[in-house]
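Colleague: sequence plus the predicted model coming up.
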Amino acid sequence: MAESKSETPVANIERDKCHCPICLEEVRKPKYLPCYHTFCGPCIQTYISSTAAHKETNTVQSIECPVCRRCVDAPRKNISSEEWALELPMNKLVLTLSVDPEQDENKNCMFCKRAEKTIPARFWCKICMEAVCEDCKSFHRLVPSLQDHKIINLANIKEVNSEIEIEEPCLLHKGKVLDVFCHGHQQLCCSVCHVKQHKSCKKVDTVEDTALAVGRDHIQNIVSKYIGLEKDVEDMLLEKMNLKAELNTKKREICMNTEEKVEEIKSLLDNAHTNWLKRFEQTHADSIGNIEIVYDELKRFSTTIHEARTILQSVLNSGSSKQLFITNVKLQNQMSEHISRLKSLQIWNFPKDYKHDNSNFLSLISNSKEFEDVVLSKEQSWKVEKLLRSSLVKTDKDWMKVNLTKLSRVKNLSETAYYGLFVSDTMIILSQTSQRSLKIYDISYSTGECVHTEICQQKPYGLCHSGLSLNEIYVSFETFINHFRIDVAKSITFTKLKTIDLKQPMLVISRGLTTVFAANRSTRFICSLDFCINHSSPYKQSGDAPFVSSSLVSDTHCFISDGVVVTVDQNNKVIRLSPGDQKFRGLSFDLEDNILVCNRSSKLKQFKHGFGESRDIDLADSDMTDSYNIILHPAGEKILLLSLGQQCSVYQI
């Protein structure tokens, strides 16, 4: 079979013989495909039977030529492989070139065989390409259409294989032979092809005339080129066989070397595994311990809530108004103190998952002599955020009476910044759209200073915290969100934690307790915490950029619409509207759900929760005359004001 001989070099195959590409034997009963590749009749029939496939659109079968992979369709639908192979044209030229008197099919007269007689053959008809006996040779002289056939002695094999001339049949028109050559298309054709397809061609001659004009020397030159090309291909085949042998040798060497290395590092592997397991066990113990501590604290807090609810409900049912007021104040103080203590605990970044990226232990042992540790990922639960930001927590501020004291001012920004954020108590981050950068400013001095510039591939827009931690933020790049951790302890470094692709463009983003509020220039969105859109509504920005804000203590969001402050809940239900002012721009909730609004002046507008009361807050900065956006520190200690005049200021509350 061909598969067992596929590695036989071409040079070992007899050059003066035509071989079947499937079985690699001398071709028998040669049949050829439309691409003119020739195969043994039985071989191509077996190939058709095993590989013919139906096309998807109809029931016509097709095969690929075993040599050139050209797609060949069956002559008609539902044809058997035997019929298909039988209808393939016989390659008469190859058949004539390979005449062997010793072959069984040439020992007896084919004419007599059809008459069910067995008569030894002595002659060969070059036109019929069949062995004939003495009587059939004489019969050729009697039939006018056979009289021109050249019949020679079958024993004279040289004469049989000389002056070969085959009438090549046209594959398109049965009964017609290829006797015309179109020079323009370089195509052999029959008389019908000539009339239908080449009648208007400028130069069309008979095959005989063209052959005489071309001459045997030209063909000999082409044969020489084929010989050179065949030699080149044989060299390439030999090169690939040698390469295969080299790769096999290399593989054995690598396997042996690796085996030796494995033996050498077994002791190191055992030690590394033991040490790695100890570290992992410690990490796991710390994680479980953290979960157990949180569980215990929540159980204690549950007891506080249960007792407070039970007592307050009992007094509500049977106590006096005075007793109810006193009890409520005492319980609220108790609840506030308990929540404050919970907030002070560094236990709320919960273990989430283990991740072990590098399991290439051989490389790790060879390079670092230890395994890469399992990475513990943590997350902040929104339920915990809601708990720790509960409105039950007693604050020491009356937010409708607070004043602002300027702490720091950043002058001469490279461009107007519309969005910013606190990333620590002494540092802020601003998005610079035109320069495609995120800039960190140190605000621990009266004059803020840029201490780091993070270059971005695309324009950054809105920013918001991803949880309670100041140094983990979301940054919108309009079509996607990047989640960054910013380390500011020693040197400032950005670590991208993940990328979230957005279904709709988002320019400004604000994270609440359980939902994210976002907007572009035409639409606002309420999303889940993974930025999947739950609600969308038309939105028209005021001024140069869209602004939205989310409450830190409730599931409420706010935005400006036609100069009016609008608040909505997490289900996009409008709660309240403020009096209008066409100069309203950026806005922010405070920790009592009052709303601070910039109005492009040296004052801030503050609306009490519910919009029943409002006031103006003077800015202690004579240069801040065009306030455009406001950002509240999550702890409620400071605010960041951005101005349209390429500057910003930080104020103590």
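Modeller: Received it, and whenever you're ready, just let me know what you need.
Colleague: which residue comes closest to A518 once chain neighbours are left out?
Modeller: M506 (4.2 Å; C-beta to C-beta, 6 or more residues apart in numbering). Where C-beta positions appear, they are placed from N, C-alpha and C, glycine not excepted.
Colleague: report pLDDT for that neighbour.
Modeller: You'll see M506 listed with a pLDDT of 96.
Colleague: I figured it hits N520, correct?
Modeller: Yes. Between M506 and N520 there is a contact at 5.9 Å, judged by C-beta atoms under 8 Å.
Colleague: average pLDDT across the helix or strand hosting D135?
Modeller: Counting by DSSP states H and E, the element that carries D135 is helix 134-142. Helix 134-142 shows a mean pLDDT of 87.
Colleague: and that helix, how far from the chain's centre?
Modeller: Distance, stretch centre to chain centre, for helix 134-142: 75 Å (C-alpha atoms, centre = their mean, to the nearest Å).
Colleague: run through who's touching it.
Modeller: Residues outside helix 134-142 that contact it (C-beta atoms under 8 Å, 6 or more residues apart in numbering) are 109, 111-112, 119, 122-123, 125, 132, 146-147, 149, 151.
Colleague: closest to L95 among those?
Modeller: C125 (12.2 Å; C-beta to C-beta).
Colleague: ok so, going back, quick one: which of M506 and N520 has more around it?
Modeller: For M506 versus N520, neighbours defined as other C-beta atoms under 10 Å are more numerous around M506 (27 against 20).
Colleague: show me the two of the contacts of helix 134-142 that sit farthest apart.
Modeller: I119 and Q147 (21.5 Å).
Colleague: moving C-terminal from the host helix or strand of V214, which element do we reach first?
Modeller: Assessed by DSSP H and E, V214 sits inside helix 207-318. Using DSSP H and E, the helix or strand that directly follows helix 207-318 along the chain is helix 321-344.
Colleague: now could you export just the CA positions of that following helix as PDB?
Modeller: Only the C-alpha atoms of helix 321-344 are listed here, as PDB (Å, rounded to 0.1, in the frame of the first residue of the first chain):
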ATOM      1  CA  SER A 321     -43.100  58.400  73.900                       C
ATOM      2  CA  LYS A 322     -40.400  59.600  76.200                       C
ATOM      3  CA  GLN A 323     -39.300  56.100  76.900                       C
ATOM      4  CA  LEU A 324     -39.400  55.300  73.200                       C
ATOM      5  CA  PHE A 325     -37.200  58.300  72.300                       C
ATOM      6  CA  ILE A 326     -34.600  57.500  75.100                       C
ATOM      7  CA  THR A 327     -34.500  53.800  74.100                       C
ATOM      8  CA  ASN A 328     -34.100  54.600  70.400                       C
ATOM      9  CA  VAL A 329     -31.200  57.100  71.100                       C
ATOM     10  CA  LYS A 330     -29.400  54.500  73.300                       C
ATOM     11  CA  LEU A 331     -29.900  51.700  70.800                       C
ATOM     12  CA  GLN A 332     -28.800  53.900  67.900                       C
ATOM     13  CA  ASN A 333     -25.600  54.900  69.800                       C
ATOM     14  CA  GLN A 334     -25.000  51.200  70.600                       C
ATOM     15  CA  MET A 335     -25.500  50.300  66.900                       C
ATOM     16  CA  SER A 336     -23.300  53.100  65.700                       C
ATOM     17  CA  GLU A 337     -20.500  52.100  68.100                       C
ATOM     18  CA  HIS A 338     -20.800  48.400  67.000                       C
ATOM     19  CA  ILE A 339     -20.600  49.300  63.300                       C
ATOM     20  CA  SER A 340     -17.700  51.700  63.900                       C
ATOM     21  CA  ARG A 341     -15.800  48.900  65.600                       C
ATOM     22  CA  LEU A 342     -16.600  46.600  62.800                       C
ATOM     23  CA  LYS A 343     -15.300  49.200  60.300                       C
ATOM     24  CA  SER A 344     -12.000  49.500  62.200                       C
END
